[in-house]
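Student: Sequence isn't available, so here's the structure alone:
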């Protein structure tokens, strides 16, 4: 039963929020691409992108299963216009420390708002079959279907 805190992740996705088949030179380039996609979606300003890069320089946003969740620092929360999410796919993988990331889920959320989103994303990543579906998604519809469940 979906209550106010169990909204589908798809509600945070805009029309161009899912981009697959991308490349990045490194993890900071991937974070930059996530931030630019959030800006293009009208969810945040360039100040938030700067805070996303600041966070990545201080602590890795790689969470496992080939997925990173770039998001800004607490100081960057004032640069968020509305909660949103972007999903960028890098089929060749990006070196993220000692791991490879294939999916970056960029998050813009007001203070504390990312916690519920990350918790719902974790439900997907804890299921090996769902995590594989996320990593290997070939079309935006695949992501939408996965996040709608």
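Tutor: Happy to help now that I have it. What you see is a predicted model, and the numbers here were worked out from it, not measured in a lab. Numbering: from 1, shown residues only.
Student: Show me the longest strand that occurs in this structure.
Tutor: Secondary structure of the chain per DSSP state E: the longest strand is strand 84-96.
Student: where do the helices sit along this protein?
Tutor: Under the criterion DSSP state H, the chain contains helices at 27-40, 46-58, 113-125, 128-135, 140-148.
Student: need the contact list for residue 10.
Tutor: Neighbour list for residue 10: 144, 147-148 [criterion: C-beta atoms under 8 Å, 6 or more residues apart in numbering]. All C-beta atoms are positioned from the backbone trio N, CA, C, and that covers glycine.
Student: top of those residues by neighbour count?
Tutor: residue 147 (21 neighbours; other C-beta atoms under 10 Å).
Student: Give me the pLDDT for it.
Tutor: Per-residue pLDDT puts residue 147 at 82.
Student: Next, the contact list for it, please.
Tutor: 8-10, 13, 124.
Student: Repeat the analysis, applying 6 Å as the threshold.
Tutor: Each residue near residue 147 by C-beta atoms under 6 Å, 6 or more residues apart in numbering is listed here: 9-10.
Student: Kindly report the same for residue 70.
Tutor: 31, 34, 52, 61, 104, 106.
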